[in-house]
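> Predicted model, plus sequence, below.
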Amino acid sequence: MNAGNQPTESGHMTEQQTTQAVFPTGTWVVDTSATTVTVTVRKMGFLTVPANLTVTSGTIEVGENGQIVKVDVAVDASSYKSKNAKRNEHVTGSDFLDADQHPVITFRAGAVTATADGHRASGTVTIKGQTSPVDVAVSDVEFTDANGSFTAAATVDRKTAGVDKLPAFIIGRTLDLMVTATVERSA
């Protein structure tokens, strides 16, 4: 018996991160026109402020064994857009994203592992030139031989990421990210 599998009272086996999804081998390119990134933060402890960011490039490498071995995504830091133009200018300015000095936000990960609820990627996010760890939950994964789609969710600690100009009681300490992505197999 595999050490990760445990029998239940009914005799059925449960899996604890012992299986890996099999993806079509090759390089997959993010379709930036069909991919959205939404970032949400709490303001003053009770207001939710959503905004969008634009993905400028991204690749996913799937090895011969059908496992994802590398993820690389770039986001335009100056693309932050909420419903408030003044907020957009402030967030992309030097107090937060400093998009003039640090125009790209990156996410990088190695292997993606299967979980009971989907998949998980442990990687790094670089914001404002500062790299910090981030765990990403991946769900709604669908792949064919030509294209694929998935949803990814993560929480980023503003302080760890270096985007901490205002205290947490004004702007929440965590940023919730939701990515809905479409990818195409590279030719």
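Perfect, I can see it now.

> make it CA atoms for all contacts and neighbour counts henceforth
Fine.

> Pairing partners for the strand of greatest length in the chain, with directions?
The longest strand of the chain (DSSP state E) is strand 47-62. Paired neighbours of strand 47-62 in the sheet (DSSP bridges): strand 26-30 (antiparallel), strand 36-43 (antiparallel), strand 68-81 (antiparallel).

> Could you tell me how far that strand lies from the centre of the chain?
Relative to the chain's own centre, strand 47-62 is displaced by 7 Å; criterion: C-alpha atoms, centre = their mean, to the nearest Å.

> could we number from 26 for the rest of this?
Sure, I'll start counting at 26 from here, so that last one is strand 72-87.

> So which of the strands paired with strand 72-87 is nearest residue 203?
The stretch from these with the least distance to residue 203 (C-alpha to C-alpha) is strand 61-68; that distance is 5.2 Å.

> picking up where we left off before, now that we have the strands paired with strand 72-87, can you turn them into JSON lines and tack on distance to residue 113 and mean pLDDT?
Listed next are those as JSON lines, based on distance: least, C-alpha to C-alpha, whole Å; pLDDT from 0 to 100:
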{"stretch": "strand 51-55", "distance to residue 113": "25", "mean pLDDT": "96"}
{"stretch": "strand 61-68", "distance to residue 113": "12", "mean pLDDT": "86"}
{"stretch": "strand 93-106", "distance to residue 113": "6", "mean pLDDT": "96"}
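
> could I get these as a markdown table with mean neighbour count and distance to residue 210?
A markdown table is the format used below for the strands paired with strand 72-87 (neighbours: other C-alpha atoms under 10 Å; distance: least, C-alpha to C-alpha, whole Å):
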| stretch | mean neighbour count | distance to residue 210 |
| --- | --- | --- |
| strand 51-55 | 20 | 4 |
| strand 61-68 | 19 | 19 |
| strand 93-106 | 20 | 13 |
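
> List of residues touching the longest strand of the chain?
With contacts defined as C-alpha atoms under 8 Å, 6 or more residues apart in numbering, strand 72-87 is touched by 48-57, 60-68, 93-102, 104-108.

> Let's have the strands paired with strand 72-87 in CSV, adding distance to residue 205.
Below are the strands paired with strand 72-87 laid out as CSV (distance: least, C-alpha to C-alpha, whole Å):
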stretch, distance to residue 205
strand 51-55, 11
strand 61-68, 5
strand 93-106, 13
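
> Select, out of the ones you listed, the one closest to residue 180.
Of the strands paired with strand 72-87, nearest to residue 180 by C-alpha to C-alpha is strand 61-68, at 9.4 Å.

> Quick one: residues contacting the residue nearest to residue 99 when sequence neighbours are not counted.
Once flanking residues are discounted, residue 99 sits nearest to residue 131: 4.6 Å by C-alpha to C-alpha, 6 or more residues apart in numbering. By C-alpha under 8 Å, 6+ apart, the residues touching residue 131 are 97-100, 149-152.

> Residue 131: which element?
strand 129-140 (DSSP states H and E).
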